[in-house]
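Visitor: mind looking at a prediction? Sequence and model below.
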There are 2 protein chains.
Amino acid sequence: MAKSIKTEEMPALDKTDLAILRLLQQNARITIKEISEKVHLSSTPVHERIRRMEETGVIKQYVTLLNGAMLKKGLMVICYLTLRQHSKAAGDKFIKTIMQMDEVIECLTISGQFDFMLKVVAENMDAYYDFHVNRLGQIENVGNVQSVFVMGVIKQSHQLVF
Amino acid sequence: MAKSIKTEEMPALDKTDLAILRLLQQNARITIKEISEKVHLSSTPVHERIRRMEETGVIKQYVTLLNGAMLKKGLMVICYLTLRQHSKAAGDKFIKTIMQMDEVIECLTISGQFDFMLKVVAENMDAYYDFHVNRLGQIENVGNVQSVFVMGVIKQSHQLVF
DNA sequence: ACTGAAAGACACAGACT
DNA sequence: AGTCTGTGTCTTTCAGT
């Protein structure tokens, strides 16, 4: 008999797993040896636990965060928009287009008066204006668009395990 | 004699630096050896370039992205708020409080009708309600608060170098 | 599920071009 | 600014508890 359907397969993480995740969250390039010392285990079980968490999908990705201002990506804009029609096909087409846009580093579907929230990076205001008019504006089915400019980044954490 | 003051020290990144960043962005745990092979260099200059980019701050941090749904952090909320007074002291006090709140994984100062945009993670709606009333609501100087619920994450990229 | 040992791979520093 | 080479350290596998 089949097990009950779950949205996410839960691999039952223990305290050691969470301790390992806490360390990896803060520094993805930490060595397994250093983790082992901090969680008071030899490197073998730490290695195996990380491998398991990568496989089950608890660990999604190891990424490097870069300084936008030093890479000509100093402007960040939050961009809200509605679609004119909300059919599955229309939504999928919009999503497919957004996925290919490198400047769009985040896209969320949200509650409220707008359908989507985009986080867009650009070199400056001219570049953003170009994106707004010539790239967003070219997508069919896009209704209202509203831009909110980010004046400062106070906090940016990626820690889901405290 | 002192050098002229710059907001960001520009280390003049060349194509090789950008290629290295592109690889590190996608996988922070990639080995230097593997990078060297892909950029057609020996490991010594790659090692030195990475060290320099870490030091100058182009590389900010290596982080591990985890699956929120598997860690009882399935709910994401965008929370907008205004402060009642906008003095430097009042703002700093608010920021200090936000910094200590683990559930707040992002905080931006924004243009428009609100002062701040917060990204908050919670286990479920009850937990978020508790955060809203007992944690945010307890901070003095907070004026209007508006919550927008994230229904789906379409895209989440951290790539500033394409 | 863990330890400890051992082999292989890698990082890192030095000498040199 | 790069290659090559050596040494020490880390990863990864395996036998054993």
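Guide: In hand now; what should we look at?
Visitor: how about stretch A:47-63, does it reach DNA strand D?
Guide: Yes: shown here: stretch A:47-63 in contact with DNA strand D (Cβ under 7 Å from any atom of the strand) through residue A:47. Where C-beta positions appear, they are placed from N, C-alpha and C, glycine not excepted.
Visitor: first-to-last residue distance for that stretch?
Guide: Using Cα to Cα, to the nearest Å, the end-to-end distance of stretch A:47-63 comes to 19 Å.
Visitor: buried residues, it. List them.
Guide: A:49-50, A:53, A:58-59, A:61-63 (16 or more other Cβ atoms under 10 Å in any protein chain shown).
Visitor: reformat these as a markdown table; add distance to chain B, secondary structure and pLDDT.
Guide: Putting the buried residues of stretch A:47-63 into a markdown table (distance: Cβ to the nearest Cβ, whole Å; DSSP: H, G, I helix; E, B strand; the rest coil; pLDDT from 0 to 100) gives the following:
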| residue | distance to chain B | secondary structure | pLDDT |
| --- | --- | --- | --- |
| A:49 | 13 | helix | 98 |
| A:50 | 10 | helix | 98 |
| A:53 | 9 | helix | 98 |
| A:58 | 5 | coil | 98 |
| A:59 | 6 | strand | 98 |
| A:61 | 5 | strand | 98 |
| A:62 | 4 | strand | 98 |
| A:63 | 5 | strand | 98 |
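Visitor: can you pull up the most central residue in chain A?
Guide: Most central in chain A under Cα atoms, centre = their mean is residue A:106, positioned 6.3 Å from the mean C-alpha point.
Visitor: how many neighbours does the residue lying closest to it once chain neighbours are set aside have?
Guide: With sequence-adjacent residues excluded and distances taken as Cβ to Cβ, 6 or more residues apart in numbering or on different chains, residue A:106 is closest to residue A:119, at 3.7 Å. By the criterion of other Cβ atoms under 10 Å in any protein chain shown, residue A:119 has 20 neighbours.
Visitor: state the helix or strand in which residue A:119 lies.
Guide: strand A:116-122 (DSSP states H and E).
Visitor: now do that strand: distance to the chain's middle.
Guide: 12 Å (Cα atoms, centre = their mean, to the nearest Å).
Visitor: cool, stretch A:11-31 as well?
Guide: In terms of Cα atoms, centre = their mean, the gap separating the centre of stretch A:11-31 from the centre of its chain is 19 Å.
Visitor: so which bits of it are buried?
Guide: The neighbour-count check on stretch A:11-31 (16+ other Cβ under 10 Å) flags A:13, A:17, A:19-25, A:28-30 as buried.
Visitor: farthest pair in these?
Guide: Across those, the longest distance by Cβ to Cβ is 22.0 Å; it joins A:13 and A:29.
Visitor: quick one on the thing from earlier: which helices and strands does the strand holding residue A:119 pack with?
Guide: Applying 3 or more Cβ pairs under 8 Å, 6 or more residues apart in numbering or on different chains; DSSP states H and E, we find strand A:116-122 packed against strand A:75-83, helix A:88-99, strand A:104-110.
Visitor: tell me the helices and strands packed up against the longest strand anywhere in chain A.
Guide: Secondary structure of chain A per DSSP state E: the longest strand is strand A:142-156. Judged by 3+ Cβ pairs under 8 Å, 6+ apart, strand A:142-156 is in contact with strand A:75-83, helix B:88-99, strand B:104-110.
Visitor: nearest approach to DNA strand D belongs to which of those?
Guide: strand B:104-110 (26.9 Å; Cβ to the nearest atom of the strand).
Visitor: re earlier: so which pair among the buried residues of stretch A:47-63 is furthest apart in space?
Guide: Pairwise distances across these (Cβ to Cβ) peak at 20.5 Å, for the pair A:49 and A:63.
Visitor: so residue A:144 sits against residue A:84, correct?
Guide: No: judged on Cβ atoms under 8 Å, residue A:144 makes no contact with residue A:84 at a distance of 9.3 Å.
Visitor: that older thread, select, out of the helices and strands packed on strand A:116-122, the one closest to residue A:39.
Guide: Using Cβ to Cβ, the nearest of the helices and strands packed on strand A:116-122 to residue A:39 is strand A:104-110, at 32.4 Å.
Visitor: now that closest one: mean pLDDT?
Guide: Mean pLDDT, strand A:104-110: 98.
Visitor: show me where pLDDT drops low in chain A?
Guide: Low-confidence segments of chain A (pLDDT under 70): A:1-10.
Visitor: can you rerun that using 90?
Guide: A:1-12 (pLDDT under 90).
Visitor: flag every residue of it that's near DNA strand D.
Guide: A:31-34, A:43-44, A:47.
Visitor: no further queries at this time; thank you.
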